[in-house]
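Chemist: Model the structure of this input:
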Amino acid sequence: MTPDPGQIAAVQRRLRASQGPFVPKPRLPILDEVIATVLSQHTSDHNSERAFAQLKTKFPDWEQVLAAPAGQVADAIRSGGMADQKASRIQQILAAIRTREGRIDLRRLHDLDDAEVEDYLTSLPGVGPKTAACVLTFSMGRAAFPVDTHVHRIAVRLGWIPPGTTADKAYRILSPAVPPEIRYDLHMALIVHGRAVCSAQRPRCAGCVLRDQCAYGREEGRSETNSGVAPAGSSISPSRP
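Modeler: Numbering: from 1, shown residues only. Take a look at the predicted model:
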């Protein structure tokens with residue numbers, strides 16, 4: 001299955017018209033983005049951002065994070081959930097970087113091309129394609145396309161990827177299909193749409209601007225019609241006696 005770039009671009013235009021102008025995230029240094037993305041796993045943005053801020057407050061530089069007892073690092077990021085596991089992973093990442101670079105610094109990655117950056121980052125402990133794509137997009141201004149849970153869910157419902165596609169495979173399918181100039185924009189738009197409309201449970205298909213392009217939404221519409229509930233933009237004639 002190869003998604004249609006034209007359909008993908010049409011989805012981006014509709015979402016942007018519905019949501020308003022695209023606003024990029026504040027740009028972080030590469031290493032900060034790596035750690036922030038680790039902290040974002042399996043929790044809300046609010047909790048992960050709070051955990052990152054608390055970590056930076058308690059340990060002003062990454063050398064201190066690596067040197068600290070794991071329990072202290074975990075305590076600093078407790079608000080982000082899975083604190084013990086994430087603390088261990090963060091220290092493993094920092095140790096690997098210091099071994100390779102001689103210091104805990106990833107600024108030299110700016111001199112590498114996208115494939116080299118992805119190869120480097122995904123060779124770090126527990127860093128996968130999603131984290132690498134987040135770094136490329138948010139920190140480095142490159143045309144990558146991170147696939148998080150919202151993006152993955154909506155891509156399945158739109159028929160861009162088959163149900164059951166793994167996150168890594170979804171990234172490999174979607175990245176080349178999404179036009180480079182809209183990758184960052186579309187990623188952000190899909191996240192907003194996933195939170196506000198296309199949720200995992202009880203999606204608001206009746207009010208979805210993508211409904212006519214979405215097999216899942218059309219099926220929901222048939223269910224609503226059969227149950228006597230009119231989908232948005234439609235009407236049901238009174239039942240005949």
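Chemist: dump the residue contacts of the residue nearest to residue 131 when sequence neighbours are not counted.
Modeler: On the basis of C-beta to C-beta, 6 or more residues apart in numbering, the spatially nearest residue to residue 131 that is not a chain neighbour turns out to be residue 37, at 4.5 Å. To be clear about C-beta, it is placed using only N, CA and C from the backbone, and glycine gets the same treatment. Listed by C-beta atoms under 8 Å, 6 or more residues apart in numbering, the contact partners of residue 37 are 130, 131, 134, 135.
Chemist: Take those residues and write them to a markdown table, including secondary structure.
Modeler: Output for these, formatted as a markdown table (DSSP: H, G, I helix; E, B strand; the rest coil):
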| residue | secondary structure |
| --- | --- |
| 130 | helix |
| 131 | helix |
| 134 | helix |
| 135 | helix |
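Chemist: top helix in this protein by residue count?
Modeler: helix 83-101 (DSSP state H).
Chemist: Which elements pack onto that helix?
Modeler: Where contact means 3 or more C-beta pairs under 8 Å, 6 or more residues apart in numbering; DSSP states H and E, helix 83-101 is packed against helix 30-39, helix 62-67, helix 70-76.
Chemist: Would you mind extracting the C-alpha trace of the second one into PDB?
Modeler: I take that to be helix 62-67. As requested, the backbone C-alpha atoms of helix 62-67 are provided in PDB (Å, rounded to 0.1, in the frame of the first residue of the first chain):
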ATOM      1  CA  TRP A  62      23.600  16.700  31.400                       C
ATOM      2  CA  GLU A  63      26.800  15.600  33.000                       C
ATOM      3  CA  GLN A  64      25.100  16.100  36.400                       C
ATOM      4  CA  VAL A  65      22.200  13.900  35.200                       C
ATOM      5  CA  LEU A  66      24.600  11.100  34.200                       C
ATOM      6  CA  ALA A  67      26.600  11.400  37.500                       C
END
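Chemist: Let me see the mean pLDDT of that helix.
Modeler: Averaging pLDDT along helix 62-67 yields 98.
Chemist: Repeat that for the last one.
Modeler: When the per-residue pLDDT values of helix 70-76 are averaged, the result is 97.
Chemist: Determine the set of other helices and strands touching it.
Modeler: In terms of contacts (3+ C-beta pairs under 8 Å, 6+ apart), helix 70-76 is packed against helix 45-58, helix 83-101.
Chemist: Residues contacting that helix, please?
Modeler: Applying C-beta under 8 Å, 6+ apart, the set of residues contacting helix 70-76 from outside is 51, 54-55, 57-59, 65, 83-84, 86-88, 90-91.
Chemist: let's see 6 Å
Modeler: Here helix 70-76 makes contact (C-beta atoms under 6 Å, 6 or more residues apart in numbering) with 54, 55, 58, 65, 83, 84, 87, 88.
Chemist: Walk me through the domains of the protein.
Modeler: Residue ranges for the domains of the chain, per automatic domain parsing: 1-25+143-229, 30-139.
Chemist: so how far is residue 136 from the residue nearest the centre of the chain?
Modeler: The centroid of the chain falls nearest to residue 148 when counting by C-alpha atoms, centre = their mean (3.2 Å). As defined by C-beta to C-beta, to the nearest Å, residue 148 lies at a distance of 14 Å from residue 136.
Chemist: now residue 171
Modeler: For residue 171, the distance to residue 136 (C-beta to C-beta) stands at 12 Å.
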